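Novice: Fold the stuff below for me.
(2 chains)
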There are 2 protein chains.
Amino acid sequence: MKTTRRNFIALSGIAAAGLSTGKTVFAGKALSQNLSSGKIKLSFEPYNLALKHVFTIADSSRTSTPVMLTRIEYGGITGYGEASMPPYLGESQETASRFLSKVDLSRFLDPFQIEDILDYIDQIDEGNRAAKASVDIALHDLVGKLIGQPWYRLWGLNSILTPNTSFTIGIDTAEVVKQKVNEAAGFKILKVKLGRENDREMVQTIRSVTNVPLAVDVNQGWKDKEKALEMIYWLKEMGIVMVEQPMPKEQVDNMAWLTARSPLPIFGDEAVQRLPDVIKAAGVYHGINIKLMKCTGMREAFTMAKTAKSLGMKVMIGCMTETSCAVSAAAQLSPLAEFADLDGNLLISNDLYTGMQIKDGKITLSDLPGIGIRKI
Amino acid sequence: MKTTRRNFIALSGIAAAGLSTGKTVFAGKALSQNLSSGKIKLSFEPYNLALKHVFTIADSSRTSTPVMLTRIEYGGITGYGEASMPPYLGESQETASRFLSKVDLSRFLDPFQIEDILDYIDQIDEGNRAAKASVDIALHDLVGKLIGQPWYRLWGLNSILTPNTSFTIGIDTAEVVKQKVNEAAGFKILKVKLGRENDREMVQTIRSVTNVPLAVDVNQGWKDKEKALEMIYWLKEMGIVMVEQPMPKEQVDNMAWLTARSPLPIFGDEAVQRLPDVIKAAGVYHGINIKLMKCTGMREAFTMAKTAKSLGMKVMIGCMTETSCAVSAAAQLSPLAEFADLDGNLLISNDLYTGMQIKDGKITLSDLPGIGIRKI
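Specialist: You can find the predicted model right below:
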């Protein structure tokens, strides 16, 4: 009944022929000037993010994050993308380079065919979710620029409804933690990584210097549901407003038990990678943490957010340590989110772009088209 | 953490101030010319569709369909919408008029804020799904025109991947059925309404004049699962390719039993109205029939299609008897669908628009922006 994917490539030629005869109506000046240009070209280069502070989570520490920067060019317009690859997630500049080398965008003639292009990207290989996101983001940036609109507007979202972003305070000595909290005075919500022996001490240290709302990210660090529930009750008393991934993602029944009893909203992070995980998360978590590097990019992230809401779940938008490129791409989605943790660009000393800004603690979207960034 | 809906209206004023100082970058010429124009204005008028043939389904017949035509104007640009209200669905020109009279779009300053506007529309009252769709469609048409792109492109879809549409052959005498089938010679798939005593006779009558693939829509007409399965096996032998809503939607367990055993894909129609129903349909049906008049419009329809696919379900796009307005709006989504039943405009003799065309049986999208229609 339907044109199959198999003969799509051949048929695309017909569509392109239709375009070049001027059958399509375009308002965007940039677009109409560039229709004759033909090829969609992907390029990429590795880059290393220098972290301002040593970054510690439940089971590792590091001082830099490897990323891959991508560009998709079409008719003189360039879309920017990025893959951020913290080592514990299994991707690297080598795997990303290998994956991106297999991508041939010249087989597509119209960058607007995002569904076809990203379906093709997704089936090149398993995994490689950050590498896939780097293509997705660059493509969205390109198409938004061709249209002349930022994605939050194309998605019908109201930029006034962006949430405050949390700023993450890494695990460290009491003195350093206090210093970091003081440096983060502009934020309306802080996030602290728990899941070690000194959880209560960390929270008390922060509470000794600020009363700002706190989010906690346990990164699967608690192994006992009864103790976890007891801790969450204590955290509520301490002014914590949400808990992220308290227990191992494999402990589905224990997580559902905990969520059913928790006085604070619980968000799945490691448990929720891609769209099918959203449906599995219903009844197990109150909400989901969507990250572009987990879910292959903006296209899937948007559907995940809408699906989560239809299931009565809350949405959080997170990030890795990233430049303002990937962070600004995620920020486009943030008016759909109750919580955001989009501080990844603030943790690095060698950003390459300006884009989404934090003003008075709140995510403030740029009015630039696409993902809303400009190269520094 | 987040700006609440409650104080959104007040804050919208700030956003609008931002717009009028030229902070937002627009490529669309129409848009930049019309930013100063301010008010978003909804208007509506009743219209009666004249059916070419008496239309019979499992439990009723009729010769006309009442619709409500809507228009949303903003800065000299007009978006068109439509509510189609077959009487058996419970809406009427009176209920639509009452609902639409409560809508005040002047409280919104930016038509791009589709999420806010449609969330507001949805909470005005329960039900009224066709009336809600008439606002959704007009708003999408308006925004697409402001951007200068059709929605299939804004959704990243490839117009080459539209499916063939079925054409519905109503229940009638053998002679009339044969005549209708002969008149429908250009279609690559026909649909027949079953669910009466003469089901086999209907199929045999059609098969006496054509070998074209057939879809059957039972409209909940079969009450016994064993007999239904037996009939589906027979239908497969007769060249039927899919079955729509064979049993009552309330018989969830029987439907799941039938789906698990059926040699043909089974689609839920009456059982699947809005987004939450998609998730309930997983495991009960192989696919879902999305209709704008059931699901409140294009915004929800798109998310339903994406969610269904993520659940491994097939997607079908259907319609009521409608003008080319609502049919063309639905057609924008059709590249995501395995089956389409978008013949509603072909069944009437007093269409008001040109838009989506059927060429050689295949849905062919117009290149016009928005929902792709022009007034006749």
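
Novice: Which residues of the stretch 101-250 of chain A lie near chain B?
Specialist: Residues of the stretch 101-250 of chain A lying close to chain B (C-beta under 8 Å from any C-beta of the partner chain) are A:110, A:112-116, A:118, A:143, A:147-149, A:153-164, A:188-189, A:213, A:241. No exception for glycine: its C-beta is placed from N, CA and C like everyone else's.

Novice: Where does the prediction get shaky in the stretch 1-150 of chain A?
Specialist: Scanning the stretch 1-150 of chain A for pLDDT under 70 picks out A:1-37, A:55-60.

Novice: Show me where it has its helices.
Specialist: A:8-20, A:29-34, A:93-101, A:114-124, A:129-147 (DSSP state H, counting those that start in this stretch).

Novice: just how off-centre is the longest one within its chain?
Specialist: Taking C-alpha atoms, centre = their mean, to the nearest Å, one finds the center of helix A:129-147 at 13 Å from the center of the full chain.

Novice: what do you get for the third one?
Specialist: If you compare the mean C-alpha spot of helix A:93-101 with that of the full chain, they lie 20 Å apart, counting by C-alpha atoms, centre = their mean.

Novice: Only the buried residues of it, if you could.
Specialist: A:Gln93, A:Thr95, A:Ala96, A:Phe99, A:Leu100 (16 or more other C-beta atoms under 10 Å in any protein chain shown).

Novice: With the fourth one instead?
Specialist: Within helix A:114-124, the residues that qualify as buried are A:Ile114, A:Glu115, A:Asp116, A:Ile117, A:Leu118, A:Tyr120, A:Ile121, A:Asp122, counting by 16+ other C-beta under 10 Å.

Novice: so what does that helix touch, helix or strand wise?
Specialist: Helix A:114-124 sits against helix A:129-147, helix A:298-310, with contacts defined as 3 or more C-beta pairs under 8 Å, 6 or more residues apart in numbering or on different chains; DSSP states H and E.

Novice: so what's the residue lying closest to A:Val212 once chain neighbours are set aside up against?
Specialist: Closest residue to A:Val212 apart from its sequence neighbours, by C-beta to C-beta, 6 or more residues apart in numbering or on different chains: A:Leu190 at 5.6 Å. Under the criterion of C-beta atoms under 8 Å, 6 or more residues apart in numbering or on different chains, the neighbours of A:Leu190 are A:Ser166, A:Phe167, A:Thr168, A:Ile169, A:Val181, A:Ala184, A:Ile206, A:Thr210, A:Val212, A:Pro213, A:Leu214, A:Ala215.

Novice: Please identify which of those is nearest to chain B.
Specialist: When the contacts of A:Leu190 are ranked by distance to chain B (C-beta to the nearest C-beta), A:Pro213 comes first, at 7.3 Å.

Novice: Mind pulling up the pLDDT for that closest one?
Specialist: On pLDDT, A:Pro213 comes in at 97.

Novice: Contact partners for it?
Specialist: So A:Pro213 contacts A:Lys188, A:Ile189, A:Leu190, A:Gly239, A:Ile240, A:Val241, B:Met1 (C-beta under 8 Å, 6+ apart).

Novice: pLDDT at the first one, what is it?
Specialist: The per-residue pLDDT reported for A:Lys188 equals 96.

Novice: how many neighbours does the spatially closest residue to it that is not a sequence neighbour have?
Specialist: Leaving aside its chain neighbours, A:Lys188 sits nearest to A:Gly361 (3.5 Å; criterion: C-beta to C-beta, 6+ apart). Around A:Gly361 there are 20 other residues, counting by other C-beta atoms under 10 Å in any protein chain shown.

Novice: ok, A:Gly361 to B:Gly239 distance?
Specialist: 64 Å (C-beta to C-beta, to the nearest Å).

Novice: Who are the contact partners of the nearest residue to A:Ala174 once chain neighbours are set aside?
Specialist: Counting by C-beta to C-beta, 6+ apart, A:Ala174 lies nearest to A:Thr205, which is 4.8 Å off, once chain neighbours are set aside. Residues near A:Thr205 by C-beta under 8 Å, 6+ apart: A:Ala174, A:Val177, A:Lys178.

Novice: domains of chain A?
Specialist: A:5-152, A:153-375 (automatic domain parsing).

Novice: Show the end-to-end separation of the longest one, please.
Specialist: Pointing back at domain A:153-375 there. With C-alpha to C-alpha, to the nearest Å as the measure, the first residue of domain A:153-375 is 22 Å from its last.

Novice: now that domain, how far from the centre of its chain.
Specialist: On C-alpha atoms, centre = their mean, the centre of domain A:153-375 falls 10 Å from that of its chain.

Novice: pretty sure A:Leu157 is touching A:Pro335, no?
Specialist: Yes - between A:Leu157 and A:Pro335 there is a contact under C-beta atoms under 8 Å: 4.0 Å.

Novice: In the stretch 101-250 of chain A, what residue comes closest to chain B?
Specialist: For the stretch 101-250 of chain A, C-beta to the nearest C-beta, closest residue to chain B: A:Gly148, 2.2 Å.

Novice: Tell me how many other residues crowd that residue.
Specialist: Around A:Gly148 sit 24 other residues, with neighbours defined as other C-beta under 10 Å.

Novice: A:Asp104 now?
Specialist: Every residue meeting other C-beta under 10 Å relative to A:Asp104 is counted, giving 11.

Novice: Compare the contacts of A:Thr205 and tell me which has the most neighbours.
Specialist: A:Val177 (20 neighbours).

Novice: Let me see the contact set for A:Phe267.
Specialist: For A:Phe267, the contact set (C-beta under 8 Å, 6+ apart) comprises A:Met242, A:Val243, A:Glu244, A:Gln245, A:Tyr285, A:His286, A:Gly287, A:Ile288, A:Asn289, A:Lys314, A:Met316, A:Phe339.

Novice: That one sits in which helix or strand?
Specialist: In the assignment (DSSP states H and E), A:Phe267 maps to strand A:266-268.

Novice: Next SSE downstream of that strand?
Specialist: Next element after strand A:266-268 (DSSP H and E): helix A:275-281.

Novice: which parts of that next one are buried?
Specialist: A:Leu275, A:Asp277, A:Val278, A:Ile279, A:Ala281.

Novice: Pull up the pairing partners for whichever helix or strand comes after it, direction included.
Specialist: Counting by DSSP H and E, the element after helix A:275-281 in chain order, helix or strand, is strand A:287-291. Sheet pairing of strand A:287-291 (DSSP bridges) gives strand A:266-268 (parallel), strand A:314-318 (parallel).

Novice: Need those in JSON lines (columns: mean pLDDT).
Specialist: Shown next, in JSON lines, are the strands paired with strand A:287-291 (pLDDT from 0 to 100):
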{"stretch": "strand A:266-268", "mean pLDDT": "98"}
{"stretch": "strand A:314-318", "mean pLDDT": "98"}
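
Novice: Distance to A:Gly75 for the ones you listed - can I get that in a markdown table?
Specialist: Converted to a markdown table, those look like this (distance: least, C-beta to C-beta, whole Å):
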| stretch | distance to A:Gly75 |
| --- | --- |
| strand A:266-268 | 41 |
| strand A:314-318 | 31 |
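
Novice: Which parts of the stretch 51-200 of chain A are strands?
Specialist: A:60-74, A:77-84, A:166-169, A:189-193 (DSSP state E, counting those that start in this stretch).

Novice: So what's the residue count around A:Ile288?
Specialist: 30.
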